[in-house]
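Q: kindly generate the corresponding structure for this input.
(chains A and B)
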Amino acid sequence: MKKVFLYIMGLTLASTQMKAQETVYPAPAQKGRIYLTHATIHVGNGLVVEDGTIAFENGKIVAVGANVPIPQGDVKVFDVKGQHIYPGVIVPDSNLGLTEVEAVRSTNDYEEVGEINPSVRSLVSYNTDSKVINTLRSNGILLAQTTPQGGLISGTSSVVQLDAWNWEDAAYKKDNGFHFFMPRLMARTNPYAGPGGMPLSGSDPVKAALEEIEGVKAFFREAKAYNELGQHAETNLKYESIKGLFSKQQKLFIHCDLVKEILVAMDLAKEFGLDVVIVGGADSWMVANLLKQNNIPVILGQPHALPVTQDDDVDQPYKTAAQLQKAGVLFCIGNEGFWQQRNLTFNAGTAGAYGLTKEEALSAVTFNAAKILGIADKTGTLEVGKDANIVVSLGDILDMKTNHVTRAFIQGREISLDNKHKQLYERYKHKYSL
Amino acid sequence: MKSGTLFYENTRLVFGHAQRSFAWLAVGCCSLLMATAAQAQVTYPVNGVAEPKDGCYAFTHATLVKDAQTTLQNATLVVRNGKIVAAGAGTTIPKDAVVIDCQGKYIYPSFVDIYSDYGITAPSRAGGGGRRGAEPQFLSGTKGAYGWNQAIKSEVNAIDLFTVNEDKAKALREQGFGTVLTHQTDGIARGTGMVVTLANDRENKVIVKEKASAHYSFDKGTSTQDYPGSLMGTISLLRQSYLDAQWYKTAPAKEGVNLSLKAWNDIQQYPQIFEANDKWNVLRADKIGDEFGVQYIIKSGNNEYQRIKEIAGTNASFILAVNFPLAMDMEDPNDARFVSLSDMKHWELAPTEPAAFEKANINFCLTTSDLRDVKQFLAQVRKAIEYGLTEKKALESLTKTPASLLKINDKVGSLDAGKLANFLVTSGPIFAENTIIYQNWVQGNKYEVKADGWRDVRGTYTLSLTSGQQYTMEIKGSNTAPAVALLQKDTVNGKIGLTGQLVKLTLPLTKDSKQQLRLSGIAGISGWSGTGEDTAGKPVTWTAALTKPFVSKADTAKKKDAPKLGTVYYPFIGYGWETAPQQEVLLIKNATVWTNEKDGKLENTDVLVRGGKIAQIGKNLSGSGARVIDGTGKHLTPGIIDEHSHIAISRGVNEGTQSVTSEVRIADVVNPDDVNIYRQLSGGVTSSHLLHGSANTIGGQSQLIKLRWGANAEDLKFAGSDQFIKFALGENVKQSNWGDRQTTRFPQTRMGVEQLLADAFTRAKDYEKQGAGKRRDLELDALVEILNKKRFITCHSYVQSEINMLLKTAERFNFRINTFTHILEGYKVADKMKEHGAGASTFADWWAYKMEVQDAIPYNANIMQRVGLTVAINSDDAEMARRLNHEAAKSITYGDMDEQDALKLVTLNPAKLLHVADKTGSIKTGKDADLVLWNNHPLSIYAVAEKTIVDGIVYFDREQDLKLRTRIAEERSRLIRKMLGDKKSGAPTQRPTPTREEIYHCEDLQAGHVHHILSDSKAAF
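A: Model (predicted):
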């Protein structure tokens, strides 16, 4: 018990020491075994262990349960009585680390020139020193898929863990998939028309969109044929880059929202035999049973959104998650932007207020996200054998009223929860003697 | 000239062969050139032999509809020299009159279109490709001694621009028009309109009134100048122009000559016509008129039936277009999804607009304006009649009303002696389904619209062949498309072709047509005759004599049933009310009551609401007649107040085209139809402070509203609240993120912002000191109000240097900054703000979206509050405003704020910042009953507002909301089926157009944005 006390003291000291963002160090590899005890453990798959203990060693979870014996010897024990333990929260789609200041072009590294850029990789421009990253960790977010944007096929994403010296260290699942931003299959309104709007004059946007989609399909067909043959006199990097797509080692994330778009996406999955994930899916609730039938998962756009149409239920975006859950669709919850990701858990909380159970809402930002991103073998739940990606909070992490992260571990490494905002807070508390 | 030659040939032909028949003369070829010659102009030389004529005609035996009230049977109309000489039952026919027998025909005064651009070419925008992305243009591009703003074109006169356009005239004549008021439809002030007839004559001859009207609109048209960039700017420009014109009458030396203002004053004497084109714009226009003692005639927008009570309240006369929307092709349900119920209902109800005006006793005219095709006009009027407009009113609205409004009722509008000979000869009542306009006479000249059927050949004939056979032939069908049959044992239909008076007949005697007569000849007045072949193919001659004329049955057309229609919602969208909600006595029992007062949070407490106020707070209350709401396990809080909102605003939240626009007022452009009012009620919001955007340093005046869903703009306003104005600092006002072409507006740095403010307030001080006769400047008026503490500032701001600068600038001019909004670095200078006396309204956790928010922290609210400032959390976003309680709760996440203090961030504190804490923001006896009942702790993410109450009226109720969803679904389904039915029955349809809703943030210029899913070309997330 002496040891426990010491560790608590140590943490307290560390958090009150003034450190610049630059001296918030990535944590070294876990040494020894760590026990977190007397907590409510939310496994991430729906199970909850009251007054439970979780143990991890060499970055892996070795025990979870109500009656985990704690051996004598060189182990660290943190008594987190009354607190809640969660799997590290996963951001399923973001340009985190690819931009620093939205309005400042020189900080933006997420959008390349050209329509079809599968070989462009987000990982190599992921900036582990982004000041935004630490502001997410302190809310319990430990992993993220960094996604390139722009054009039709924007590039290759990777999943990163949020405590690293450089992008190589950060890589959690390299080049896990490609991103197709589907053109909108809807006659759009003219922003310069009068009340009521008028269809854009000239070419039919739906027809143009279908042609663009056909172009993407043609690209897949050619790439598939190209990859049937091992050797080529001239190398086509774009074709080569998507080889893993056809063997399902990589996924195709199709960003789309409306019914027709989702139908086209499902058809594309069948035609090419691909692992397809819908990203966005604002109207996915209208085709939930078809998504289920076709086993197409969804990264749902943020619930904190306005209804798509004037007549939609006022709480439609809040309850879409529950509708997908009810239909048995595999989905996780996303959020727009990069700095905004610290609100990801609260978006899940809102889905919890509108039809999901709290544990389902938690799965929607942990286990389900891991499954959809292809990292469920390593993370997403607090189960033995998985990485020790763990968050400890004083209260319900999905509710801003109670979200108060006291500790977090990535691969067993206890990470600093300090960030630029806390530091400025301290600076001005100091100024005003608060 | 080729066509002129043809005319002569035709005329000769008519005279050569049909001299005996005046009727045939009239039906025959056009007498237009002849008539023109009759009225040749005096100063114009004649090339050829002069043909002076009086053009005297007598139209006899007609049903003469002199005006909407007076119809004479078997009456005569006499015209001479282009004017009506007599119109009546016992009229003497002059000897030199050409008599036209109008037996069975109707004669009407021709219509007057009061809203036309006939004969005036629409100007095109200089530079062509639009202004987006162009460098700013601060002053008018019009060359000459005109005013500063290019959209004020009061100096334009239609008469200088007018040329006869026979193509357009013909189309209008075919719909019954003889006279139009025409003007150049360009700009906010458009100068004068003129009245012309639709005669195909020299311009000199067709002018009825050179200057008949003055025109205005809310559309700046081809002006390339930046200002005004918003509707509120447009309204301000109109206001300032009235003031400037008044001032210009004093011949101010400093102004020099200003032809625009001079013209503005000169044209006030004419009827003032305002093109509003929308129900709220009608009220806006009328309000401007009221301010300056002008009663506009207002051109409306087809949606005024949605607020007919308010429209009637204007006491204006109206010009109604009849471009009722087409049904949409709803076959694809995925396309239909994006058409709102409001658009569908408008499709159904728009044709009730004229009837609604008639019912409400509002004076109105009808116009062809806005029709996609003028040819549709009469059909659309008939539709309006089917939807309840009376025929009498329809006729009046096309004749007497426009003539009176334009003060030309001595010339047109009825068939009375002395007026222009502008009239129609028709086959029947003008608005009946099958009525044909045969002729449209303009200034005594005939313009034939349709000759077929003038002479009704229908009846029973005896057909005699020279070979001796006789048959009974019946000509039936309609008088324009007759059909023929031989009456015998087996009556067999034949074919008849009539070209003028020439006729051809194919008459089978047997059903297999093996035996038939083929005849050709003339359908003469006194009998038919001709040649042909008999059944054996042998040549014969023939005659046919009328034995029994056709007797038309009393109107056989089935009276259409009055259409079954949905009801009007208030506001006119799916979630609107059918009847306005009423104030109730409410007793909320046994709730956890967050008072925001000394009592703090009261458990198991009752709150009684009466007369819109909080009447009592306590345990075990009873209220007689009260509706009891069980609050067990629930939380009752004061309504949420959003200090920084841009909902419910029409056409732009930013004027932003100049650095100082203190003259513009959000109050002018409140939009009660915004569904976000309802959505925010569902999140517990009861009041919103509608702010001008942040595109310029001194923005516009703001408006505090209560979310009284269904009320009109005036009733939404928070009565008696202090007046505020929006200021802004930083990147937006110095245009840092506006692109490389927006680099010339002063200021471009934070240094310049200070100077701009110093200059503005210095000017305001000097202005205040100026004596009588000064030019009243609405921009400076607002600044003087600030100096006199009559108007209060809420200032968009981010970084500490600019906050500090504004504090010092205000202190230099001896006033206070009321509120810093956004204020993301407020925590750095909270002590200075406190010393100054400023409050703060901030975002909970926004940052990193631009350079000036790099030091924004979510602990900002906590620090400022602990230093002693009044702190609010605001939205600036229609979506976030629905969960401001959760944004407030982030002050617990970041900095452990006390929960009651956290709730005050979105209730009592914004009430204090807006100077309405005596009325709202806490639960206290005597205060307004602005309340929210939550199912859970109000700061928890799991909290859902069950009831939102404003002034004691339940405006949002989750159970009622479920009923509305059902109603929306049913009504959508009904209307979609109705549209599909229209399509099936052959009605023209248009592609489904996704309904567009404007959503604004404070950085949005002009257009705002719609839901990204409806506007983006791709998924964005």
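
Q: verify the stated contact: residue B:937 with residue A:402.
A: No - at 10.1 Å, residue B:937 does not count as touching residue A:402 under the criterion of CB atoms under 8 Å. Bear in mind the C-beta positions are built from the backbone N, C-alpha and C, glycine included.

Q: give the residues shared as contacts by the two.
A: Shared contacts of residue B:937 and residue A:402, defined by CB atoms under 8 Å, 6 or more residues apart in numbering or on different chains, are absent.

Q: need the contact list for residue B:822.
A: Shown in contact with residue B:822 (CB under 8 Å, 6+ apart): B:644, B:796-798, B:841-843, B:874, B:876.

Q: can you flag the buried ones in those?
A: Buried subset of those (neighbour count, 16 or more other CB atoms under 10 Å in any protein chain shown): B:644, B:796-798, B:841-843, B:874, B:876.

Q: would JSON lines of these with secondary structure, pLDDT and distance to chain A be doable?
A: JSON lines is the format used below for the buried ones among the contacts of residue B:822 (DSSP: H, G, I helix; E, B strand; the rest coil; pLDDT from 0 to 100; distance: CB to the nearest CB, whole Å):
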{"residue": "B:644", "secondary structure": "strand", "pLDDT": "97", "distance to chain A": "17"}
{"residue": "B:796", "secondary structure": "strand", "pLDDT": "97", "distance to chain A": "15"}
{"residue": "B:797", "secondary structure": "strand", "pLDDT": "96", "distance to chain A": "17"}
{"residue": "B:798", "secondary structure": "coil", "pLDDT": "96", "distance to chain A": "12"}
{"residue": "B:841", "secondary structure": "strand", "pLDDT": "98", "distance to chain A": "19"}
{"residue": "B:842", "secondary structure": "strand", "pLDDT": "97", "distance to chain A": "14"}
{"residue": "B:843", "secondary structure": "coil", "pLDDT": "96", "distance to chain A": "12"}
{"residue": "B:874", "secondary structure": "coil", "pLDDT": "96", "distance to chain A": "16"}
{"residue": "B:876", "secondary structure": "coil", "pLDDT": "92", "distance to chain A": "14"}
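
Q: show me what residue B:77 is bridged to.
A: Beta-bridge pairing for residue B:77 (DSSP bridges): residue B:59, residue B:87.

Q: on that earlier part again, quick one: which of the contacts of residue B:822 is nearest residue B:220?
A: residue B:796 (26.1 Å; CB to CB).

Q: I figured the closest one hits residue B:731, correct?
A: No - Residue B:796 lies out of contact with residue B:731 (CB under 8 Å); the separation is 10.3 Å.

Q: could you report the neighbour count for the residue lying closest to residue B:927 once chain neighbours are set aside?
A: Distances taken as CB to CB, 6 or more residues apart in numbering or on different chains place residue B:614 nearest to residue B:927, at 5.3 Å, with adjacent residues excluded. Around residue B:614 there are 25 other residues, counting by other CB atoms under 10 Å in any protein chain shown.

Q: residue A:432 - how many residues pack around it?
A: Neighbours of residue A:432 (other CB under 10 Å): 14.

Q: so what's it up against?
A: Residue A:432 neighbours (CB under 8 Å, 6+ apart): B:830-831, B:863, B:866-867.

Q: in TSV: those, plus neighbour count and pLDDT.
A: Compiled in TSV, the contacts of residue A:432 are given as follows (neighbours: other CB atoms under 10 Å in any protein chain shown; pLDDT from 0 to 100):
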residue	neighbour count	pLDDT
B:830	28	98
B:831	15	98
B:863	23	98
B:866	19	98
B:867	21	98
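
Q: what's the most distant pair in these?
A: So, the contacts of residue A:432 by CB to CB: farthest apart are B:831 and B:866, at 11.2 Å.
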